[in-house]
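Asker: Generate a structure from the sequence data that follows.
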Amino acid sequence: MRSIPWWLRLGAAAGLGFLVWQSDARTQIGAVLVAAIAGLAMIAHRVHRRRIRDWRDAERAAARWLRKVGCRRVSLTGGSADGGIDVITAEWAVQVKHTTKRVGRPAVQQLVGAALTLDRFPALFSTSGFSAPACAYAIDHDVALFELDLNGRAHGINRAARRVGKRTRRLLPGR
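Answerer: Purely as a prediction, here's the structure:
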């Protein structure tokens with residue numbers, strides 16, 4: 001069900017219902033039931049979609065995305081003295097920001113320092129975007145920047161983001 005878009009499922013159910021509606025009364029009841037089941041399947045699919053509500057959800061979504069693109073040894077760091085690192089992989093030290101304001105340059109600078117101490121490449125996920133100075137600093141210091149939407153999908157916004165994981169070249173458009 002996931003590979004078929006919701007609007008195509010709805011159209012197919014409506015088309016099937018219309019075709020069956022043209023036949024006898026018994027089949028009309030069947031058509032209504034088919035359309036109702038298709039509608040309930042779409043609602044159930046939307047209800048089970050993981051939405052980001054707080055910083056914990058954002059960290060888990062970033063970790064899920066990193067696993068999906070092929071990063072090895074992905075784990076959440078917890079609330080310890082980690083220098084702001086939220087997710088760590090075999091190669092990347094990742095900070096996740098779930099705020100209402102755009103992420104600024106100081107957060108990127110802090111991440112670069114923390115990643116150097118862990119001997120990992122820095123990556124930063126944000127649900128609210130990045131300021132222009134933060135993007136410029138990230139480009140100069142090779143920090144991978146990702147915008148994380150509220151459905152848990154990450155979108156790389158700079159060249160360094162294409163290096164994350166084994167499968168990101170297929171998932172991220174070339175820039």
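Asker: Could I get the contacting residues of the residue nearest the centre of the chain?
Answerer: For the chain, the residue nearest the mean C-alpha position is Arg153 (1.7 Å; CA atoms, centre = their mean). Contacts for Arg153 were tallied using CB atoms under 8 Å, 6 or more residues apart in numbering; they are Trp65. Bear in mind the C-beta positions are built from the backbone N, C-alpha and C, glycine included.
Asker: Now do the strands in this protein.
Answerer: In the chain, the strands defined using DSSP state E lie at 75-76, 87-88, 92-97, 121-126, 144-148, 154-156.
Asker: Out of these, which is closest to Gly11?
Answerer: Checking the strands of the chain against Gly11 by CB to CB gives strand 154-156 as the closest, at 27.8 Å.
Asker: Show me this structure divided up by domain.
Answerer: Following automatic domain parsing, one finds the domains of the chain at 6-47, 55-171.
Asker: any idea which of the ones you listed is most buried?
Answerer: Mean neighbour count, computed with mean count of other CB atoms under 10 Å, is highest for domain 55-171 among the domains of the chain, reaching a mean of 18.
Asker: Now find how far off-centre that domain is within its chain.
Answerer: 12 Å (CA atoms, centre = their mean, to the nearest Å).
Asker: low pLDDT regions in the protein?
Answerer: By pLDDT under 70, the low-scoring segments of the chain are 1-3, 16-32, 35, 38, 41-50, 79-82, 166-175.
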